[in-house]
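Chemist: Give me a model of this one.
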Amino acid sequence: MKTTLLIMAAGIGSRFGGGIKQLEPVDNNNHIIMDYSIHDAIEAGFNHIVFIIRKDIESEFKEVIGNRITLICKEHDVTVDYAFQNINDIPGELPEGRTKPWGTGQAVLAAKSLLTTPFIVINADDYYGKEGFRAVHEYLVNGGQSCMAGFVLKNTLSDNGGVTRGICKMDEQNNLTEVVETKNIIKTADGAESDGRVLDIESLVSMNMWGLTSAFLDTLETGFAEFFKKEVPVDPMKAEYLIPTFIGELLAENKMSVKVLRSNDTWYGMTYKEDVVAVKESFKEMLEAGVYREDLFLICKELENSMSY
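Modeler: Residues are numbered from 1 along each chain as shown. I've put the predicted structure just below:
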């Protein structure tokens with residue numbers, strides 16, 4: 001069964017300023033976080049990759065990442081496509097002076113014509129671990145429509161400052177009922193808190209890892225038109241069409257059901273420059289423990305060979 005890994009990479013390289021070439025390798029073989037996500041997705045069974053990028057970074061993206069990944073994917077019978085997020089690709093006129101991208105919802109819509117299979121959507125520069133990819137893939141290939149990997153709050157925090165997380169509320173069947181955006185979450189000696197309020201560090205949080213089907217895209221497109229009518233006139237320079245916000249609205253209106261799939265893996269992101277050292281050390285430990293091999297994509301090939309017998 002065809003399943004797609006959709007990587008939102010239009011903003012890649014902007015986190016620390018500068019271009020793609022300044023993306024930090026996380027191991028001694030110059031792999032970046034995206035290499036590990038692609039490895040984990042292929043290992044889980046995803047066999048189509050779509051990169052969402054901007055047209056102006058296409059050549060640099062392919063030079064630094066894309067061409068190498070395309071060659072690797074050919075060896076694993078995984079197809080690769082590109083979609084381009086464009087600030088002018090909107091159901092209305094671009095507000096004068098607007099330069100800010102329209103958000104993750106519009107990014108996914110940029111790939112609509114390429115998404116004919118169930119798909120998982122991730123951020124390009126976040127590390128999610130293997131468990132989330134496996135859980136989402138299994139859910140989708142068994143007929144599931146909408147799901148989200150839920151990460152344990154304590155496994156997503158930074159040692160270098162406060163972070164914003166969407167804390168999940170669920171019913172008894174682990175269906176998502178609400179995502180509560182919680183800002184300035186900091187580690188404490190006893191766990192975590194937000195602006196003095198103690199938080200349950202075992203809570204599940206959304207890290208923008210969604211499992212969806214192509215049927216969702218029409219709903220997403222209709223929502224974008226509504227967003228443009230209602231939200232953009234109010235805040236034309238900064239309004240963003242975000243997947244978690246839109247899904248939250250659908251949940252509140254009982255128009256969507258989302259299964260939360262728990263992942264116990266540690267999520268890594270480079271929210272702060274100071275996070276780089278800790279992230280590199282974590283990958284060093286995973287390599288030493290045998291979670292990954294130095295020749296990262298060899299294990300995927302071995303997995304394919306074992307399945308062919």
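Chemist: distance of residue 72 from residue 42?
Modeler: Going from residue 72 to residue 42 by C-beta to C-beta, to the nearest Å gives 9 Å. Just so you know, the C-beta spots here come from the backbone N, C-alpha and C atoms, and that holds for glycine as well.
Chemist: Do I have it right that residue 100 meets residue 237?
Modeler: Yes: with contact defined as C-beta atoms under 8 Å, residue 100 and residue 237 form a contacting pair (6.7 Å).
Chemist: and whichever strand or helix holds residue 49, which strands flank it?
Modeler: Assigning secondary structure by DSSP states H and E places residue 49 in strand 48-53. Strand 48-53 pairs in its sheet with strand 4-8 (parallel), strand 79-84 (parallel), by DSSP bridges.
Chemist: Dump stretch 110-120 to PDB, restricted to CA.
Modeler: Extracted C-alpha coordinates of stretch 110-120, given in PDB (Å, rounded to 0.1, in the frame of the first residue of the first chain):
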ATOM      1  CA  ALA A 110       0.500  23.200  -1.700                       C
ATOM      2  CA  ALA A 111       1.000  19.400  -1.900                       C
ATOM      3  CA  LYS A 112      -2.700  18.600  -2.500                       C
ATOM      4  CA  SER A 113      -2.300  17.300  -6.100                       C
ATOM      5  CA  LEU A 114       0.500  14.900  -4.900                       C
ATOM      6  CA  LEU A 115      -1.300  13.500  -1.900                       C
ATOM      7  CA  THR A 116      -3.400  10.600  -3.300                       C
ATOM      8  CA  THR A 117      -2.500   8.200  -0.400                       C
ATOM      9  CA  PRO A 118      -2.800   8.300   3.400                       C
ATOM     10  CA  PHE A 119       0.000  10.500   4.700                       C
ATOM     11  CA  ILE A 120       2.000  11.500   7.700                       C
END
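Chemist: Can you give the contact residues for it?
Modeler: 1-6, 41, 46, 48, 50, 52, 81, 83-86, 89, 108, 133, 136-137, 140-141, 144, 209-214, 217, 221 (C-beta atoms under 8 Å, 6 or more residues apart in numbering).
Chemist: Now which of the residues you listed would you call buried?
Modeler: Buried members of the contacts of stretch 110-120, scored by 16 or more other C-beta atoms under 10 Å, are 3-6, 41, 46, 48, 50, 52, 81, 83-85, 108, 133, 136-137, 140-141, 144, 209-213, 217.
Chemist: ok, what's across the strand from the closest residue to residue 163 other than its chain neighbours?
Modeler: Distances taken as C-beta to C-beta, 6 or more residues apart in numbering place residue 185 nearest to residue 163, at 5.3 Å, with adjacent residues excluded. With DSSP bridges as the criterion, residue 185 is bridged to residue 163, residue 194.
Chemist: Hmm, residue 166 and residue 185 touching each other?
Modeler: No: with contact defined as C-beta under 8 Å, residue 185 does not reach residue 166; the gap is 10.8 Å.
Chemist: can you confirm residue 220 is in a strand?
Modeler: No: under DSSP: H, G, I helix; E, B strand; the rest coil, residue 220 sits outside any strand and is assigned helix.
Chemist: Tell me how many other residues crowd it.
Modeler: 19 (other C-beta atoms under 10 Å).
Chemist: was I right about it contacting residue 105?
Modeler: Yes: assessed by C-beta under 8 Å, residue 220 is found in contact with residue 105 at 6.0 Å.
Chemist: what's the overlap in contacts for the two?
Modeler: Joint contacts of residue 220 and residue 105 (C-beta under 8 Å, 6+ apart) are 243, 246.
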